[in-house]
Structure formats: structure tokens, C-alpha cells
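Q: Mind looking at a prediction? Sequence and model below.
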Amino acid sequence: MAKYQRWIAYAVIFIILLFVPRLLSIHDLMLFEYGLTFAIVGLGFNLLLGYTGLLSFGHGAYFAVGAYTVGMVAKYYPGAYSLEILIPAALLFSLILSVIFGFLCVRHTKIFFSILALSLSMLLYALLFKLYHLTGGSDGLRVPLPTLLGISFKGIRRPEFLSGTYYYFLLVLFAISCVIMRAIVNSPFGKALQAIRDNEVRAELIGIRVRRFRLYAFILSGMFVGLGGALWSFVNGHVTADLSHWVFSGEIVYMTLLGGFGIFEGPIFGAIIFTYLKLYAMGNTQYWMFVIGATLIVLVLLLPNGVAGAFASLFAKIKKKKNL
Amino acid sequence: MLTVKDLTKHFGGFTAVEDVNLEIKEGEIISIIGTNGAGKTTLVNMISGYLKPDSGTILFSDKDITYASPYIRIKLGIGRSFQLIQLFENSTVLENVKIALFSKYGMIRRGLLPADRYTSVTDEATEILNNFNILDRKNLTPKALSEGDMKILDVAIAFALKSRLLLLDEPTSGVATQDKFKVMDSIVSAIRKEGISTLIIEHDMDIVSGYSDRVIVMHEGKIMAEGKPAEVMENKEVKATLFGIVG
């Protein structure tokens, strides 16, 4: 029974999430949708950080590729501008980019890996920024409302689109992402990644091709982040080169740390909390960066396992007390 | 099973191993002894593929593996443990062995089900832990184990790969004196049961004479003496070099 408790909890949460559009104002719902897209990003990012032990400061690049795939198709191939084409296309392009960047990055570990990932994302940033004929440069690209299975949303305002069909589309993709990621981390493949994280030398000694498996993790991680980027672009309505900037990559790291990278659900909580925290900090003080920075300091000092990690420890303690 | 011919390795101007020849037969347990810097670990590092020799050849089951990667050697059946214990610290004892089995059976590439659904792997890992006498600690993480049990687990992981040749680098170093024989009993009984050829680097002469079929003494990169433990212990040159006993 205990084995299924987690899945029952997931199912209950999913059912509650189905009613969220009725419970939240459109403003809060949009924020929640930002949070859900970042949650997919966090899941992907954590495959690399939490499960493989590689800290990337360049994952904004894959987010940007997902988002720009949508923007570019809208601009250059409007005939193909439907969700059922855009999502696989975003996955494909983030796969291609993560294969190329990953091939270069996984040859290194620790600080060298982090800096190389950051440098490559800044290279993409420079391209997105400078190739303005193609990418819109500093203006970025507009993201109109897409079609879904031939249904057009022309004439509908973005908030209505986001609170209706798109919310459920996003929710289903979020649920699928959670299920797939959970299957990955619990599979023997996922255990191999954790083995690499824990002891690279021993992992190699038991026949795990460390560099190759790191590349697999990098690619999967990039694809999840790319998917998050594509889904985010519809909520935001506009994509810019800043998505590939290291500052944005830093936000991905931040939200994962905030939720806790040692626990599967951590980045999901982190993404949603970060979305609200950033917005409310920005809305209430010009020193919002101070708030974000101070939160990170408090987090590192007091909750090194993140918010979800702290809750998990608390539950474990309560359970232990009950058993005594 | 393993034939080493004229193996030589230099580090700059220093000769770590020079023209070493040795042969290990099926199921044989051989110990290498020698003073620090004698070339024991360099020799094992070359056999396991972590160092490339400058000259000479290494044949494993008549196959030339002199320049094969460690990965190829592992797949051919050469497993090893290190002097410094190498374990997966966040996994339990059982999971440490299971991940080796997942790798051995290629499930890390093909297995789609959750890892705990592979009951045959769990059963096999349980049996291995039982053979090594640490089954009762299967749910502990390595941090909760004694040094001796960590050493046993380290060897059990290499054993789980179904290695045909095990290279054990000081399996009792760091283990309390009173536990050394317990550790070696657990390791050697499991190895003997499966008839695995084993090359042990060891300093403790009681261990060497108690568990080896043959002993090789290395000094300054060369093989100084070779034979049954009792014969080697009586060798005057060995006595003088290793124990400082003259006459």
C-alpha cells in the first residue's frame, strides 16, 4: 500500500489542479502557468544536477531553443503553427542543440563543466542577439496563439486562451513529464546516473560508460528544458535572447535549489515558489534582487535541502516519532 | 588465464616495473608482496587498464589486451577493487551490488521498469551478500558499515560482475587486526566457491601465507621470488629485503 501512496497523492494533486482555473484569478492563473512550465524545466535540470551531479549554468540555452522554435515557426512557417507540430519541433531542436553542446560539456566535470555550459549558452545568446534579421535581435519574436488539432483560437484574447484549452494542454504535458521523469530516475538507467554522481571511479569499474551516460542525461535534460521553453513562450507571448543569457540560467539553478535537488518533487515546488517570489518581490520593492539574494543565503544556510527537502525531513521525523 | 610478458613501465626516469613475467591459472589465488614502491600497484594498474605499459604484452584468455580500455577488460571479466574503498555512498549495501548487476546484464541501457521490479536482480544481489556474510547489513548505507565490511562490499561489487579474474589491492588495509581474517574468510570463501582467479596485493604476511596458492615478491620493479607461500617465506633474499633478516 505504501508503494502506491505516492501515486495516489499525485492523482489527487492532478485532480485538484484540474480545478485551478476556477479557483484563481486570470492573473494568478498565468503566474501558475509560468510556474508549471518552469516545473518541467526544473525536472529536466534536476536530472543533470540532482541525479547525475553536474551543475550547468547554461541551461537557458535549451529553454531559448524551445521558445525560439515556436517564435521562428510563427514567423517563417505560419502554416505549421500548431501545437501538435510545435512541441515535437521544440523537442527535436533542443535535442540537436543538447547533443552538440553536451558532447563538448560532458568531457569535463565540476567547475569546468559549469563554465563550459555557461560559455556555450552565451554563444547562443550572442547569435540570437546579433542575427536580428533572423531572430529579431533585441526585439525578439512575437508568439501568437497557436492552433490545436485544427482548432483556431483567432479572435480569442490570450488570457482566455491560457485559462481554457491551453491550461489543460499544459497540465497534461506537465503530468506526462512527471511520469516520464519519474520512470527515468527509478529505472536502472537512472540508477546508473546516480552511481556516476556518487562515485565516478566505481561506476566506471562496474562497466558504466560514464561520459556516454552523462551525455544521455544531458540530452534528456536539455529536451525537458526545451519543452518547458516552448510551453512558456505561449504564456509569455514573446521570446527574447535574454532566455539564453547566463542570468536566466542562474534562475533555473536558483529554483532547483529553492525546491531542493535531492528530492524528485523539489524542483517542481521550487519553480512555482520562485515564480511567485520573484513577481511579488518585483512588484513590492525596487530592491527585489536583494530579496532573491537574501532568500538564497537563508536557503543555503538553513535549508540546504530546499523547501521540499525540509518538508521531507520533517515528515520523516514525525513518522519516526510515531513508530517509537 | 592471464599471461603477462616482459611488462615494463617508466615514469620519467624512474622504472616502476621492469620486464615482469607472470601467469595466473584458472581458480588460482596469487598474492603479490613487496616494499613500498616495488611496483605492485603499477603492475595491477596495467593489468586492469588504468595505465598503459611502455612495452610488453598482457594476454587474457589468449586475447591481447595490452592496450584495451578498462571498460573492455571489465566486459571480458577482469574486475578490481582499490586500496581506497570505492562505493556508492548514497545507496544501500544491496543497491550497491544491484547496480553492478544492472550494468553486467545491460539493463542500464535497456531496462525500462523501475529498478525494484527486477526481482531476479534483487535475488541475485541477496545471494551474493549472503555468500560474503554481510546480508544482515543490506539496508545500511556504506557509511554505517565498519571498515572491514566496506572492504567486503567493495569486493562483492567486483564479484557481482561475474569477473573471471579479480584484482584486489590491499583488501585488508585499514581493517582492524582482529577483523582481518574475518574479512579474508568472507572474501576468499566466496571466491573459491566460484573458482575465480585472483591477484591480491597485500602487506600482511599472515594473510598472504594463509590464503594464497602462490606468492610473488616484487622489489624495485622486478620479480625477486615466486613460489608456494612457505617456500617464499624461507627465501633468504626475501627475508633480507622484506624483513631485514640476514642469515
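A: Sure, I can see it.
Q: quick check: mean pLDDT across the longest helix belonging to chain A?
A: For chain A, the helix that runs over the most residues, judged by DSSP state H, is helix A:210-236. Averaged across helix A:210-236, the pLDDT comes to 96.
Q: Would you mark the buried spots in that helix?
A: A:210, A:213-236 (16 or more other Cβ atoms under 10 Å in any protein chain shown). No exception for glycine: its C-beta is placed from N, CA and C like everyone else's.
Q: same check, this time on stretch A:261-277
A: Of the residues in stretch A:261-277, those buried (16+ other Cβ under 10 Å) are A:261-275, A:277.
Q: near chain B at all, it?
A: No: using Cβ under 8 Å from any Cβ of the partner chain, stretch A:261-277 never reaches chain B; the gap is at least 9.1 Å.
Q: CA-only coordinates of that stretch, as PDB, when you get a sec.
A: This file holds the C-alpha atoms of stretch A:261-277, laid out as PDB (Å, rounded to 0.1, in the frame of the first residue of the first chain):
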ATOM      1  CA  PHE A 261      17.600  19.000  -5.800                       C
ATOM      2  CA  GLY A 262      17.900  15.900  -3.600                       C
ATOM      3  CA  ILE A 263      14.200  15.100  -3.900                       C
ATOM      4  CA  PHE A 264      12.200  14.400  -7.000                       C
ATOM      5  CA  GLU A 265       9.400  16.900  -6.300                       C
ATOM      6  CA  GLY A 266      11.800  19.600  -5.100                       C
ATOM      7  CA  PRO A 267      12.300  21.400  -8.500                       C
ATOM      8  CA  ILE A 268       8.500  21.500  -9.000                       C
ATOM      9  CA  PHE A 269       7.900  23.300  -5.700                       C
ATOM     10  CA  GLY A 270      11.000  25.400  -6.300                       C
ATOM     11  CA  ALA A 271       9.700  26.600  -9.800                       C
ATOM     12  CA  ILE A 272       6.300  27.500  -8.500                       C
ATOM     13  CA  ILE A 273       7.600  29.200  -5.400                       C
ATOM     14  CA  PHE A 274      10.200  31.100  -7.400                       C
ATOM     15  CA  THR A 275       7.700  32.400  -9.900                       C
ATOM     16  CA  TYR A 276       5.500  33.900  -7.100                       C
ATOM     17  CA  LEU A 277       8.500  35.100  -5.100                       C
END
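Q: quick one: it to chain centroid distance?
A: 10 Å (Cα atoms, centre = their mean, to the nearest Å).
Q: Kindly report the same for stretch B:75-84.
A: 6 Å.
Q: Regarding that stretch, how distant is the last residue from the first?
A: 23 Å (Cα to Cα, to the nearest Å).
Q: Check what contacts that stretch and list those residues.
A: Residues from elsewhere that reach stretch B:75-84 (Cβ atoms under 8 Å, 6 or more residues apart in numbering or on different chains): A:201, A:205, A:207, B:41, B:44, B:47-49, B:60-61, B:63, B:65, B:68, B:151, B:154-155, B:157-159, B:161-171, B:173, B:201.
Q: Of those residues, just the buried ones, ChimeraX syntax please.
A: Here is the ChimeraX selection string for the buried members of the contacts of stretch B:75-84, based on 16+ other Cβ under 10 Å:
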select /A:205,207 /B:41,44,47,48,49,60,65,68,151,154,155,157,158,159,161,163,164,165,166,167,168,169,170,171,173,201
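Q: Just the ones in strands from the contacts of stretch B:75-84, please.
A: B:F60, B:K63, B:L165, B:L166, B:L167, B:L168, B:D169, B:I201 (DSSP state E).
Q: Near chain B, which residues of the stretch 151-300 of chain A? Just list them.
A: A:183, A:186-192, A:194-195, A:197-199, A:201-209, A:213.
Q: Pull up the per-residue confidence for the most centrally placed residue in chain A.
A: By Cα atoms, centre = their mean, the mean C-alpha position of chain A lies nearest to A:V41, the distance being 0.5 Å. For A:V41, the pLDDT comes out at 97.
Q: Report the backbone C-alpha coordinates of whichever strand or helix holds A:V179 in CSV.
A: Using DSSP states H and E, the element containing A:V179 is helix A:165-186. In CSV, the C-alpha atoms belonging to helix A:165-186 read as follows (Å, rounded to 0.1, in the frame of the first residue of the first chain):
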residue,chain,number,x,y,z
THR,A,165,-7.7,24.9,-23.6
TYR,A,166,-4.0,25.8,-23.1
TYR,A,167,-4.1,25.3,-19.3
TYR,A,168,-5.3,21.7,-19.7
PHE,A,169,-2.8,21.1,-22.5
LEU,A,170,0.0,22.4,-20.3
LEU,A,171,-1.3,20.4,-17.3
VAL,A,172,-1.4,17.1,-19.3
LEU,A,173,2.2,17.7,-20.6
PHE,A,174,3.3,18.6,-17.1
ALA,A,175,1.8,15.3,-15.8
ILE,A,176,3.4,13.3,-18.7
SER,A,177,6.7,15.0,-18.0
CYS,A,178,6.5,14.0,-14.3
VAL,A,179,5.6,10.4,-15.1
ILE,A,180,8.4,10.1,-17.7
MET,A,181,11.0,11.7,-15.4
ARG,A,182,10.0,9.5,-12.5
ALA,A,183,10.3,6.4,-14.7
ILE,A,184,13.7,7.6,-15.9
VAL,A,185,15.1,8.2,-12.4
ASN,A,186,13.8,5.0,-11.0
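Q: Lovely, talk soon.
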